[in-house]
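A.B. asks: Build me a structure from this.
(one chain, ligands or ions: 2)
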Amino acid sequence: MPSPDPVRPPARAVEGSWTVPTADGPVDADVVLPGSKSLTNRFLVLAALANGPSLLRRPLRSRDTLLMAQALRQLGAGIEDTTSHSGQLPDWVVTPATLRGDVQVDCGLAGTVMRFLPPVAALAAGPVTFDGDAQARVRPMGPVLEAMRALGADLDDGGRGTLPFTVRGRGSMPGGAVTLDASASSQFISALLLAGPRYDDGVTIHHEGEPVPSEPHIEMTIETLRDAGALIDDSVPNTWRVEPSEINALDVQVEPDLSNAAPFLAAGLVTGGRVTVPSWPHHTTQAGDAIRDILDAMGADVNLSREGLTVSGTGEVSGIDVDLHDASELTPVVAAVAALADSPTVIRGVAHIRGHETDRLAALARELGTLGTVVTETEDGLRIEPKPLRPSLFHTYADHRMVMAGAVLGLRCEGLVIEDAGTVAKTLPEFTQLWHHLVAPGTLGAPSTSAASA
Ligand SMILES: O=C(O)C1=C[C@@H](OP(=O)(O)O)[C@@H](O)[C@H](O)C1
Ligand SMILES: C=C(OP(=O)(O)O)C(=O)O
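C.D. replies: Ligands and ions are numbered 1, 2, ... in the order given. Okay, here's the model as predicted:
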């Protein structure tokens, strides 16, 4: 372990910060993870538009999904706890209703809320305003708002193409055909497809522009819609057609969130230990499934069995050259593993993540750089040259995946302090507790709340 740079004060815990536990040896654990954000929020939307009450088993309860549930309740849907069959947290029963207006939706920083709900709000009887966190106001929205206008929606965004805006719902939407540029986010396409069956003429979407990122998320949208009885034609590249139809009530179990599994599995690799995530699906549309091949290429033994996915470290961590265009939400954790590798890494294909929770390329370059790693921002990714790490305050920019990246780095960087670790609640409120359980069983997992000057 390199000693801290003598001219820099050691990182100190401040309000809301978290001193990451260092791994003294190989970790060895099973980690049970809550449900997928992307699946939970799709199921909530479809259930609110369905033809009868739905049952969502093992839904994720995190900031993003609770904001989605809150917004749908405001629009009229019933979302109630019901006893879980698995003995875990309660499941959700979702009862659809005629959608009402005069509603103010708080999107927080959730891409799924700010993109998936405006096309739903166009079906409401009255105005629905949307706003969110300061950083949400700079996330791209323009193409989906323009597409909604072309499909017959009445909305006012002050010409900004971002939050805040108002959708003046008229109780129904004509729908039809539209061309848009979805190179900034696959969520533009998913959003129009999810509400599309309820539009009078359905929706035909044609994408024109640089390739659409995060393609598995569109597959997820199509699969969840088809399972609910919708008819979708995706046989022509960059074109999707959803027919007008009822959406059948759902009875679904939410898979564990595979992108949230990534930091835990990474801990198995970088400590030369073993981590198993039970209930890893053998068929999935989750983009996070790509972590299996990525960690394998970085030197892990990876084994998918009936018990779950097991990642074991071999003692070596290799750099890789990887295109994360399809699984861009893995970038922060992969970048963290890369900083602990024995050779350089190049991450490509993720220019659009400058529009995620924060500019993730800039944030990673800055925070890894502060720790001592040599990082070059490229047009569409990062080049990472590992160097000995020196502890520092790791900033999170309100980005849950920056917390996860910092936790991985902290395994091998004693004294690393993560600022505002609570921001991880966007998708995994219990992250720090699970992490302590993994790395340092018996220690307290909550972020520091006692203030100490930095
Ligand atoms: O539809 C979804 O659930 C998501 C799509 C992706 O968005 P982008 O296409 O903007 O990358 C992904 O990164 C995000 O975490 C979740
Ligand atoms: C990009 C992400 O989230 P969002 O759904 O807000 O786009 C993410 O979770 O990494």
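A.B. asks: gap between stretch 116-133 and the chain center?
C.D. replies: 21 Å (C-alpha atoms, centre = their mean, to the nearest Å).
A.B. asks: hang on, I meant stretch 168-179
C.D. replies: With C-alpha atoms, centre = their mean, you get 28 Å for stretch 168-179.
A.B. asks: ditto for stretch 425-444
C.D. replies: The answer for stretch 425-444 is 18 Å, by C-alpha atoms, centre = their mean.
A.B. asks: Residue 321 - nearest residue in space that isn't next to it in sequence?
C.D. replies: In this structure, residue 321 finds its nearest non-sequential neighbour in residue 346, 4.6 Å apart by C-beta to C-beta, 6 or more residues apart in numbering. Backbone N, C-alpha and C define where each C-beta goes, glycine included.
A.B. asks: My guess is the one you found contacts residue 383. True?
C.D. replies: Yes - contact between residue 346 and residue 383 holds when scored by C-beta atoms under 8 Å: they sit 5.2 Å apart.
A.B. asks: Counting neighbours, what do you get for residue 52?
C.D. replies: 13 (other C-beta atoms under 10 Å).
A.B. asks: Quick check: closest non-adjacent residue to it.
C.D. replies: residue 249 (3.8 Å).
A.B. asks: okay, the residue nearest to residue 374 when sequence neighbours are not counted: pLDDT?
C.D. replies: Leaving aside its sequence neighbours, residue 374 sits nearest to residue 385 (C-beta to C-beta, 6+ apart; 4.0 Å). According to the prediction, residue 385 has pLDDT 98.
A.B. asks: from memory residue 385 sits against residue 372, does it?
C.D. replies: No - with contact defined as C-beta under 8 Å, residue 385 does not reach residue 372; the gap is 10.3 Å.
A.B. asks: which SS state does the residue nearest to residue 52 fall under?
C.D. replies: Put simply, residue 249 is coil when judged by DSSP: H, G, I helix; E, B strand; the rest coil.
A.B. asks: correct me, but it touches residue 47?
C.D. replies: Yes - if you go by C-beta under 8 Å, residue 249 and residue 47 touch, sitting 7.2 Å apart.
A.B. asks: neighbour count winner among the two?
C.D. replies: Legend: neighbour count by other C-beta under 10 Å for residue 249 and residue 47, higher for residue 47 (26 against 18).
A.B. asks: need the contact list for that one.
C.D. replies: By C-beta atoms under 8 Å, 6 or more residues apart in numbering, residue 47 lies in contact with 54, 56, 77, 94, 96, 249-250.
A.B. asks: Please state the backbone phi and psi of it?
C.D. replies: Note on residue 47: its backbone torsions stand at phi -60, psi -40 [degrees, to the nearest 10].
A.B. asks: gap between it and residue 132?
C.D. replies: Residue 47 is 23 Å from residue 132, where distance means C-beta to C-beta, to the nearest Å.
A.B. asks: Do you know the pLDDT at the closest residue to ligand 1 within the stretch 351-454 of the chain?
C.D. replies: Residue of the stretch 351-454 of the chain nearest ligand 1, by C-beta to the nearest ligand atom: residue 352 (6.1 Å). You'll see residue 352 listed with a pLDDT of 98.
A.B. asks: ok, for it, nearest residue in space, not its chain neighbours?
C.D. replies: Spatial nearest neighbour of residue 352, excluding adjacent residues (C-beta to C-beta, 6+ apart): residue 213 at 4.9 Å.
A.B. asks: need the contact list for the one you found.
C.D. replies: By C-beta under 8 Å, 6+ apart, residue 213 lies in contact with 183, 185-186, 325-326, 328, 349-350, 352.
A.B. asks: Can you give me the neighbour number for residue 44?
C.D. replies: When neighbours are defined as other C-beta under 10 Å, residue 44 has 27 of them.
A.B. asks: Quickly find the element holding it.
C.D. replies: Assigned by DSSP states H and E, residue 44 belongs to helix 37-48.
A.B. asks: Would you mind extracting the C-alpha trace of that helix into CSV?
C.D. replies: Extracted in CSV, the C-alpha atoms of helix 37-48 (Å, rounded to 0.1, in the frame of the first residue of the first chain):
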residue,chain,number,x,y,z
LYS,A,37,-34.4,-0.7,-11.4
SER,A,38,-35.0,-0.9,-15.1
LEU,A,39,-37.5,-3.9,-14.8
THR,A,40,-39.3,-2.4,-11.8
ASN,A,41,-39.9,0.9,-13.5
ARG,A,42,-41.1,-0.7,-16.7
PHE,A,43,-43.4,-3.0,-14.8
LEU,A,44,-44.9,-0.1,-12.8
VAL,A,45,-45.6,1.9,-16.0
LEU,A,46,-47.2,-1.1,-17.8
ALA,A,47,-49.2,-2.1,-14.8
ALA,A,48,-50.6,1.5,-14.5
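A.B. asks: Just the mean pLDDT for it, thanks.
C.D. replies: Mean pLDDT, helix 37-48: 98.
A.B. asks: And the next helix or strand past it?
C.D. replies: strand 54-57.
A.B. asks: what packs against the helix or strand just after that following strand?
C.D. replies: As assigned by DSSP H and E, the chain's next helix or strand after strand 54-57 is helix 63-74. Applying 3 or more C-beta pairs under 8 Å, 6 or more residues apart in numbering; DSSP states H and E, one finds that helix 63-74 contacts helix 37-48, strand 78-82, strand 103-106, helix 111-121.
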